[in-house]
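Engineer: Need coordinates for the below:
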Amino acid sequence: MRVTDLAQRADTTAETVRHYTDLGLLRPRRDPGNGYRLYGGDDLRRLRFALKARSLGFTLSDVRELIEESEGGEAPCPRVRRLIEARLAQVEERIRELSGLSERMRAAMAAWEDAPDCRLDDGRVCGLIDSFNAAGEETHP
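Structural biologist: Take a look at the predicted model:
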């Protein structure tokens, strides 16, 4: 298979295939006649694995290590469990952070709904932001 064929069969882009090849995740052979990369069934399996792993939050570095473990005769499943547990904790923390940001943004929108637009001559950039604090209460310096 050539790059575009592999990409189609894995439902991804040719750019992704090239990038994963450059990283060493895929190992095509070269067509001696024209130098094109030719991918086989192992590459398709690795590419599908990498895409699934990425959809679960694994990094490309993780993917490389998991492939290497597997090819070295080790079962990477224990590492997969540890990694996903750690990534889940990170994602849940990020969700909490984003939820707090969303609440602050909504509070700011509500506080500024009827506030007039004005140009400040005292060196401040924007009175709306200056009048807002993290607790969502307006302040007036």
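Engineer: Just give me the neighbour total for residue 129.
Structural biologist: As a burial measure, residue 129 scores 10 neighbours (other C-beta atoms under 10 Å). Using the backbone N, CA and C atoms, a C-beta is placed for each residue, glycine as well.
Engineer: Average pLDDT for the strand or helix carrying it, rounded please.
Structural biologist: Assigned by DSSP states H and E, residue 129 falls within helix 127-130. Averaged across helix 127-130, the pLDDT comes to 74.
Engineer: Now find how far off-centre that helix is within its chain.
Structural biologist: The chain centre lies 33 Å from the centre of helix 127-130; the measure is C-alpha atoms, centre = their mean, to the nearest Å.
Engineer: which residues of this structure fall in strands?
Structural biologist: 29-30, 37-38 (DSSP state E).
Engineer: okay, those, which one's buried deepest?
Structural biologist: strand 37-38 (a mean of 17; mean count of other C-beta atoms under 10 Å).
Engineer: Which strands border that strand, and is each parallel or antiparallel?
Structural biologist: When pairs are called by DSSP bridges, strand 37-38 turns out to pair with strand 29-30 (antiparallel).
Engineer: pLDDT score for residue 109?
Structural biologist: 87.
Engineer: Check the gap between it and residue 126 for me.
Structural biologist: 14 Å (C-beta to C-beta, to the nearest Å).
Engineer: distance between stretch 36-44 and the chain's centre?
Structural biologist: Counting by C-alpha atoms, centre = their mean, stretch 36-44 is centred 26 Å from the centre of its parent chain.
Engineer: Then stretch 113-133?
Structural biologist: Distance of stretch 113-133 from the chain centroid (C-alpha atoms, centre = their mean) equals 35 Å.
Engineer: in the protein, which helix has the most residues?
Structural biologist: helix 77-112 (DSSP state H).
Engineer: what's the least confident helix or strand in the protein, going by average pLDDT?
Structural biologist: Least confident helix or strand of the chain, by mean pLDDT, DSSP states H and E, is helix 127-130 with a mean of 74.
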